[in-house]
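**Q** Sharing a sequence plus its predicted fold:
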Amino acid sequence: MRLTLRRKIVNYVMLSLTGICTLFAVGMLLFILGYLFINGGRSLTWDFFTQLPKPVGETGGGMANALLGSAKLLLVATCIGVPIGFLAGVYLAEFGGSKFSFVVRYTTDLLNGVPSIVIGIFAYTVLVLPQKHFSTLSGGVALGIMMIPIATRSSEDFLRAVPLSLREGAMALGASKARTILTVVIPAAKAGLLTGIMLNLARVAGETAPLLFTSFSNRYWSPGWNQPTAALPVMIYTYAISPYADWKQQAWSAGFVLLMLVLAINVFARMVLSKRGHVVR
Amino acid sequence: MSVTAPTAFETRSSGRGSAFWQRLRSGDDIAYVITLTCAMTILAITALLVFELFTNSSVARRQFGWSFLTSNVWDPTGERFGALPFIYGTVVTSTLALLMGIPLGVGAAIFLAELAPTKISNALTFLIELLAAVPSVIYGLLGIFVLIPMLKAAEPFLRGLLGWTPLFSGPFYGQSLFAAGVVLTVMIIPFIISISREVILAVPTEQRDGALALGATRWETTWNVVLPFAKKGIMGSIFLALARALGETMAVTMVIGNQPEIHTSLFAPGYSMAAVIANEFAEATGELYQHTLIELALVLFGLTIVINGLARLLVLSTTRRGAG
């Protein structure tokens, strides 16, 4: 069969189009990075990390309270999301029967797909409504619930990747199942598990929607865990849609800091992941 | 792997009870109970979520019934609420995102899986997956300050090209359904690419060899053999992307214009379900208003659950990567 010219042309045109699609996607990332570097990095000052926001009309100030607020929210979220998610992952990988595991797995995936704003509403009805005020705790719980499904599925995957022979070896030496899991399986999957937790943290660190009516916002420091608090992503949102030029500029700085944080965790975690092969053979 | 029998817990009479404590000491049952509890917690949280959304929207559901979904009046001061403008905005922006995102995403996936050398493909996929990690508020920020000015500059061109359709008529102020659709497109592309690429890579090489040996060009092989083989998985990735687009809140809120109106023109401002919840919930006074917004959340939840359920089934059946 001879290739007609038309078929040749279609071949080249379509294949180059797929290349252009790829260029577009990768170019988008470079564009986002570049734009935030130029616009946000430029105006980033030391004050941003150490000062409270200034009242409307005064220029300068920083977002120190929002940085601390985000850290506190993530701490609460980690304390809730990681243990529950991880242990459920252990159940699925090590103990689960087929039927119940399927139900748990499917529910986990569905929970993972629930829009973050709906999770925010949920945390609001469960915690804010009875207490009648916004709090760091409720925001942290909302983020924690978002962490659970990813923690579960990534733990399950990494535990399953540990070869069966390791478990058999431990059990042959007389170790109980619990001991095998604790001293053999989990250590073998350690790097992967850590990667999962870091990627999970990076994902919720940028979440804005669930915080809007749980941790709300605060112009000042938020003492304790039961007061409304500022958080970096929420600050970016409110500053970006504000009418003040100075606030918009600060939104860029905050966006730059948030993006760098999220991408740094991502790159670092994925590099740990790529070393997984050396840990488990 | 053996499953420890939970029946041990049901009997606490002296004889079997002491055996039970013995086994507990060895740790197996403790580990089983603790991990099982955590797995059950996930089910409990999901059930509680549905329950809370349902009970906390009762006032609105009683008041409006099914007409809530078909009424297009949104009047918080007069306490008359209809969800149609928001459902419209959500559906239009998501559809727009799919129309633009599917060709781009699947195209890039084809390039990465079929043409690019493995090393380059892996490096580019790494970059594209980073794109998926960018928080949505950052997309919103870029949407407001970069995309909208760009769209305004491109407006005469778009009008010249497509102005004869009712879709691109009327005044254009920047914040619009179209801007929201573009932002969503950029946000869903990484999902389509990374999952579709995996699905395409999973197509057996023999399939390609067969078609190439019969004299098909590279493109014909991809289009007629590889893509049909990977169809299910690609559909799954598209459904996953759709679910994400439907629930996307911040980026859409920042560029859609936030007007509860229904316009045929994509240049007109609109509103989406997630956006109206984000904007109005914290200030919603009165039980009816709040319950109405929670009912919207319930509708959104139902919609994403259905789409996600379909997606998981499709993706699970082709690759092992159900969790996404």
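**A** Noted; the coordinates are in hand.

**Q** what's the domain layout of chain B?
**A** Using automatic domain parsing, the domain parsing of chain B gives B:6-55, B:74-318.

**Q** closest to residue A:192 out of these?
**A** Smallest distance to residue A:192 across the domains of chain B (Cβ to Cβ): 16.5 Å, for domain B:74-318. To be clear about C-beta, it is placed using only N, CA and C from the backbone, and glycine gets the same treatment.

**Q** now the closest one: mean pLDDT?
**A** For domain B:74-318, the mean pLDDT works out to 92.

**Q** ok, for whichever residue of the stretch 151-281 of chain A sits closest to chain B, nearest residue in space, not its chain neighbours?
**A** Nearest residue of the stretch 151-281 of chain A to chain B: residue A:206, at 2.4 Å (Cβ to the nearest Cβ). Distance criterion Cβ to Cβ, 6 or more residues apart in numbering or on different chains; nearest residue to residue A:206, sequence neighbours excluded, is residue B:135 at 2.4 Å.

**Q** likewise residue A:36?
**A** Sequence neighbours aside, residue A:256 is the residue nearest to residue A:36 in space, at 4.7 Å (criterion: Cβ to Cβ, 6+ apart).

**Q** Could you double-check that residue B:193 sits in contact with residue B:126?
**A** No - look at residue B:193 against residue B:126 with Cβ atoms under 8 Å: they stay out of range, at 11.7 Å.

**Q** still on that earlier bit, deepest-packed of the domains of chain B, please.
**A** domain B:74-318 (a mean of 20; mean count of other Cβ atoms under 10 Å in any protein chain shown).

**Q** spatially speaking, which residue is in the middle of the chain?
**A** Going with chain A. Here the mean C-alpha position of chain A is nearest to the C-alpha of residue A:203 (Cα atoms, centre = their mean), at a distance of 1.5 Å.

**Q** Switch to chain B, please.
**A** Closest-to-mean residue, chain B, Cα atoms, centre = their mean: residue B:244 / 1.5 Å.

**Q** Could you pull up phi and psi at that residue?
**A** phi -70, psi -40 (degrees, to the nearest 10).

**Q** and if you look at residue B:214?
**A** When read as degrees, to the nearest 10, the backbone of residue B:214 gives phi -80, psi 0.

**Q** what sits against residue B:181?
**A** Neighbour list for residue B:181: B:92, B:93, B:95, B:96, B:97, B:100, B:266 [criterion: Cβ atoms under 8 Å, 6 or more residues apart in numbering or on different chains].

**Q** change it to 7 Å
**A** Neighbouring residues of residue B:181 by Cβ atoms under 7 Å, 6 or more residues apart in numbering or on different chains: B:93, B:96, B:97.

**Q** element containing the closest residue to the first one other than its chain neighbours?
**A** Across the structure, with Cβ to Cβ, 6+ apart as the measure, the residue nearest residue B:93 apart from its sequence neighbours is residue B:180 (4.4 Å). With the criterion set as DSSP states H and E, the secondary-structure element containing residue B:180 is helix B:177-201.

**Q** ok, residue B:112 touching residue B:119?
**A** No - using Cβ atoms under 7 Å, residue B:112 is not in contact with residue B:119, being 11.7 Å away.

**Q** And the residue of the stretch 151-300 of chain B found nearest chain A, how close does it get to residue B:32?
**A** Closest residue of the stretch 151-300 of chain B to chain A, Cβ to the nearest Cβ: residue B:247 (2.6 Å). Computed as Cβ to Cβ, to the nearest Å, the residue B:247 to residue B:32 distance reads 35 Å.

**Q** and if you look at residue B:176?
**A** Distance of residue B:176 to residue B:32, computed by Cβ to Cβ: 55 Å.

**Q** and if you look at residue B:95?
**A** Here the criterion is Cβ to Cβ. By it, residue B:95 lies 47 Å from residue B:32.

**Q** Kindly report the same for residue B:92.
**A** 50 Å.

**Q** go on, residue A:22?
**A** To residue B:32, residue A:22 is 48 Å away according to Cβ to Cβ.

**Q** Residue A:9 too?
**A** Distance, residue A:9 to residue B:32, by Cβ to Cβ: 64 Å.
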